[in-house]
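[1] Sharing a model that was predicted from the sequence below.
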Amino acid sequence: KQKQTQKEKVSDTQCPFCSVQCRMQLVEQTSVTRKTYRTVGLDNPTSKGRLCIKGLHAHQHAFHKDRLTQPLMKRNGEFVPVSWDKALSYIAEQIQRIQKEDGKNAMSVYGSASITNEEAYLMGKFARVGLETKYIDYNGRLCMSAAASAGALTFGMDRGLTNKLDEISYSECIILAGTNIAECQPTIMPYFEQAKENGAFIIAIDPRETATTKVADLHLKLKPGTDAALANGILKIIVDENLTDQVFIQKRANGFEEVREHLAGLSLSEIEEKTGVALKDIRRAAISFGKKATGMILTARGVEQQTDGSIAVRNFLNILIATGKIGKPGSGYGAITGQSNGQGAREHGQKTDQLPGYRSIENEEHRAHVAKVWGVEPDRLPRKGVSAFEMIQKMDQGEIKGLFLLCSNPIVSNPNARFVKKALSKLKFLVAVDLFVSETAKLADVILPTTSYLEDEGTMTNLEGRVTLREASKSALGEARHDWQIICDVANALGKEQYFSYSCAEDIFNELRQASKGGTADYYGITYERLRGKEGILWPCPTLDHPGTGRLFEQSFAHPDGRAEMTVVPNEPAIQKEKPCDEYPLYLTTGRVMAHYLTGVQTRKSSSLSARHFESFMEIHPETAKNLGISDQTLVQITSRRGSIIVRSRWSTQIRTDTVFVPFHWDESQNVNRLVEDKLDPTCRMPGFKVSAVQVEALDNV
Ligand code: SF4
């Protein structure tokens, strides 16, 4: 009977909530009385049909009643719906006014790593050709810039994983440094479980015990901020015990002698004291990794979001090179990216120093290639601007007056978030493109409604470098438009039709292919036709008959001499991190929980995900809590040099006694980024999110 009264429509899509990009199906069920939706996993080479809780409920926010369906303009402090024509002509007028009064660079562009490759590419072109400003950067700067910079400097190029995910299963030793895969990318955990079944030794490095460290054979529970020193300890023991691969080093690497000399001058007992990790455990990690024939190192934000994140990752890459564990089956590196298109969105020109295909904006040949594809003179392309947080500093200083913000929530995601709100409040003009009225969008003069992942068509690149095509499952909600259409609409309102006339996402992709051709991230050989209904192609893919590249660096690295560059890494960072003191006696570190994505703008709208984690919390060791008079599950005030927040305490013996942990998915008074340090890594300009000093008080005592 049910079959007679219900209709089912099934469409293929992929999850928008992390870089695994699990394939899934949206099932729409229509009965006489109502329509319901559910999501089910779809077999594919990466997640193999698995979904985590975020994926299972990913559709909920897309159907939420708070979705924006019309452009909104602020009048007397209130948002009122307006037509697209009115919104676009107002935006053009304001941008032209600002650029006439204060110059082209008075406008800025802030992008996202959750958008498609086509949209990321178009954002770069929009800034340089549409607005002619040098000020563009994106939220990926806060996410994977340290790993990207380390890969580029050590290997000559950066791709999330140097090997396909399934190689993890037969690697003999795996170091998981600052990554909580079991909570953040749960569907790839079976690769590690399979590796264990095959006899692999797994080492986890994290100040907290997590669902991931529980899978490990050895957990190095280091003091926050000491990852670079810990890697020095591991590397020194590998060198001292003659566990290096001298044939590989001679043939394929530069800089080993300098590193060896530097390590000779380091004291292991000092490293033990600095990191808080027992020397016997550092030794066990080093010997285990050094002795195995194959090994992989995977890093994530725990190592990377620090003022020495870039060089700390390079030290883990030093370990791989010194032991010859790269460029062969079961051996390699991976940066486990968090954002859904963390890989693709960093390849096509949203970064201030990059043009599509990972080309450099300061390289004359690279500029000429891209300028030709775009149909402009190379010397008309702006030069390099500054990183995301530095753009915000320029807003505060009054140098940047306007912002085009796409699918990002910088007030919640940046460090020292109260300063960020103050800086953005000084803008003369802010346009926000979003699904919902985020905390940042509330400050906007105009909000433009965009389409959700279910309504978009475009390519995405997962953490392996696998490019896939995500086709639309449904039509746009209300008057919402695709990000790429919005970018073109604004550019065209500014009189740039000749550069921004596309009829569909595929048109943009075909231009991207030309722009990336011959670059490091070469997409030229990938077409929609090759992707449609298939399992994706791993870049580089330089020709139409190229199968894609599963494993990188088998014969040579991407530097001009084909060799990897090892580098000396000091135990102490050049930019000092905060340390606990009398006034702020505890380390604060931050991270994710399984049910939420980034600043929670989408996942907090999902009833199922919100029910799982409806508020923030502070994890604290019971011993520390008792000393401070803090009971379990009571409200506490956490204060740093930059502000205070109020969250609920959660006792846990899984955290160090000198550290508290707070997740970063909530806004306003629960936003932990209000507390976080805003010093930047000197190489990649990543803020030092993971290490701040705080004091904690029971709210009754405040
Ligand atoms: Fe897969 Fe990540 Fe989505 Fe979970 S959040 S279903 S692991 S893509």
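    Looks like it came in fine.
[2] Show me which positions of stretch 596-614 end up buried.
    Neighbour-count burial for stretch 596-614, counted by 16 or more other Cβ atoms under 10 Å, picks out 596-606, 609-610, 612-613. Placement of C-beta: from N, CA and C, glycine included.
[3] Counting only helices, which of those make the cut?
    Judged by DSSP state H, the buried residues of stretch 596-614 include 609-610, 612 as members of helices.
[4] need the contact list for the residue of the stretch 601-702 of the chain found nearest the ligand.
    Nearest residue of the stretch 601-702 of the chain to the ligand (Cβ to the nearest ligand atom) works out as Thr603 at 9.5 Å. Neighbouring residues of Thr603 by Cβ atoms under 8 Å, 6 or more residues apart in numbering: 17, 54, 61, 595-597, 609-610, 665.
[5] let's go with 10 Å and repeat that
    Shown in contact with Thr603 (Cβ atoms under 10 Å, 6 or more residues apart in numbering): 17, 53-54, 57-58, 60-61, 593, 595-597, 609-610, 612-613, 665.
[6] Likewise for Ile91?
    71, 73, 402, 404, 429, 431, 445-446, 448, 486, 489-490, 493-494.
[7] at 6 Å instead, please
    Contacts for Ile91 (Cβ atoms under 6 Å, 6 or more residues apart in numbering) come out as 431, 446, 490.
[8] Which ones, among those residues, also lie beside the ligand?
    Near the ligand, taking Cβ under 6 Å from any ligand atom as the test, no member of the contacts of Ile91 is found.
[9] What mean pLDDT does stretch 284-303 get?
    The average of the pLDDT scores along stretch 284-303 is 96.
[10] and if you look at stretch 335-351?
    The model assigns stretch 335-351 a mean pLDDT of 91.
[11] Any residue of that stretch touching the ligand?
    No: judged by Cβ under 6 Å from any ligand atom, stretch 335-351 and the ligand are separated, with a smallest distance of 7.0 Å.
[12] ok, now stretch 40-56?
    Yes: against the ligand, stretch 40-56 shows contacts by Cβ under 6 Å from any ligand atom at 47, 51-52, 54-55.
[13] that older thread, which one of the contacts of Thr603 is nearest to Val412?
    Comparing the contacts of Thr603 against Val412 with Cβ to Cβ places His665 closest, at 8.6 Å.
[14] So that closest one sits against Gly600, correct?
    Yes: contact status for His665 versus Gly600: in contact at 3.8 Å, counting by Cβ atoms under 6 Å.
[15] what does the stretch 51-200 of the chain put close to the ligand?
    51-52, 54-55, 185-187.
[16] nearest spatial neighbour of Met189, skipping sequence neighbours?
    Nearest residue to Met189, sequence neighbours excluded (Cβ to Cβ, 6 or more residues apart in numbering): Ala182, at 5.3 Å.
[17] Now that neighbour: phi and psi?
    Backbone torsions of Ala182, given as degrees, to the nearest 10, read phi -60, psi -30.
[18] Return the residues in contact with it.
    Counted by Cβ under 6 Å, 6+ apart, Ala182 has contacts 189, 211-212.
[19] Quick one: buried ones out of the residues you listed?
    189, 212.
[20] Quick check: Arg648 is in a strand.
    Yes: under DSSP: H, G, I helix; E, B strand; the rest coil, Arg648 falls within a strand.
[21] Just the pLDDT for it.
    96.
[22] From Ala148, how far off is Ser310?
    9 Å (Cβ to Cβ, to the nearest Å).
[23] confidence score at Lys3?
    pLDDT at Lys3 comes out at 50.
[24] most centrally placed residue in this structure?
    Cys143 (3.6 Å; Cα atoms, centre = their mean).
[25] Return the residues in contact with that residue.
    Applying Cβ under 6 Å, 6+ apart, we find Cys143 in contact with 338-339, 342.
[26] Tell me the one among the residues you listed nearest to the ligand.
    Closest approach to the ligand among those (Cβ to the nearest ligand atom): Gly338, at 9.2 Å.
[27] tally of neighbours for Pro81?
    By the criterion of other Cβ atoms under 10 Å, Pro81 has 14 neighbours.
[28] Which strand residues bridge it?
    Under DSSP bridges, the beta-bridge partners of Pro81 are Leu72.
[29] isn't it right up against Pro71?
    No: if you go by Cβ under 6 Å, Pro81 and Pro71 don't touch, sitting 7.1 Å apart.
[30] does whichever residue of the chain sits closest to the ligand belong to a helix or a strand, and which?
    Relative to the ligand, the nearest point of the chain is Gly55 (2.3 Å; Cβ to the nearest ligand atom). Following DSSP states H and E, one finds Gly55 within helix 53-56.
[31] ok, Asp483 - contacts?
    Contact partners of Asp483, counting by Cβ under 6 Å, 6+ apart, are 115, 119, 450.
[32] taking these one by one, which sit in helices?
    The helices, defined by DSSP H, take in Glu119 from the contacts of Asp483.
[33] Who wins on neighbours among the contacts of Asp483?
    When neighbours are counted by other Cβ under 10 Å, Ile115 leads those with 33 neighbours.
[34] How about the backbone phi and psi for that residue?
    Here Ile115 shows phi and psi, under degrees, to the nearest 10, equal to phi -100, psi 170.
[35] OK, contacts around it?
    Contacts here follow Cβ under 6 Å, 6+ apart; on that basis Ile115 touches 407, 483.
[36] Then Leu544?
    Leu544 touches Gly525, counting by Cβ under 6 Å, 6+ apart.
[37] List phi and psi for Lys291.
    Main-chain torsions, Lys291, degrees, to the nearest 10: phi -80, psi -20.
[38] same thing with Phe192?
    Per-residue torsions, Phe192: phi -80, psi -40 (degrees, to the nearest 10).
[39] Do you know the pLDDT at it?
    pLDDT, Phe192: 97.
[40] If we ignore the residues flanking it in sequence, what's nearest it?
    Nearest in space to Phe192, with sequence neighbours left out and distances taken as Cβ to Cβ, 6+ apart, is Val215 at 5.8 Å.
[41] what do you get for Glu8?
    Gln29 (5.4 Å).
[42] Hmm, Arg38 and the one you found touching each other?
    No: Gln29 lies out of contact with Arg38 (Cβ under 6 Å); the separation is 7.6 Å.
[43] Please verify my assumption that Tyr110 contacts Leu405.
    Yes: Tyr110 is in contact with Leu405 according to Cβ under 6 Å; the separation is 4.9 Å.
[44] Now for Gly385, how many residues are close by?
    Around Gly385 there are 22 residues (other Cβ under 10 Å).
[45] just the one 3 residues further on next, same as before
    Residue crowding around Ala388 was assessed by other Cβ under 10 Å; the count is 29.
[46] mind checking how far it is from Ser607?
    32 Å.
[47] And Met144, by the same measure?
    30 Å.
[48] Next: Met296.
    38 Å.
[49] low-confidence ranges in the protein?
    Counting by pLDDT under 70, the chain contains low-confidence residues at 1-5, 701-702.
[50] For the protein, what lies in contact range of the ligand?
    With the criterion set to Cβ under 6 Å from any ligand atom, the chain comes near the ligand through 15, 17-18, 20-22, 47, 51-52, 54-55, 185-187.
[51] is it fair to say Ser149 lies in a helix?
    Yes: under three-state DSSP, Ser149 sits within a helix.
[52] For the residue nearest to it when sequence neighbours are not counted, which residues are in contact?
    Nearest non-adjacent residue to Ser149, counting by Cβ to Cβ, 6+ apart: Cys684, 3.8 Å away. When contacts are counted by Cβ under 6 Å, 6+ apart, Cys684 touches 145-146, 149, 310.
[53] circling back to that earlier point, ok, Ser310 and Ala148, which is more surrounded?
    More neighbours surround Ala148 than the other of Ser310 and Ala148, with 30 against 26 (other Cβ under 10 Å).
[54] Understood, closing this out.
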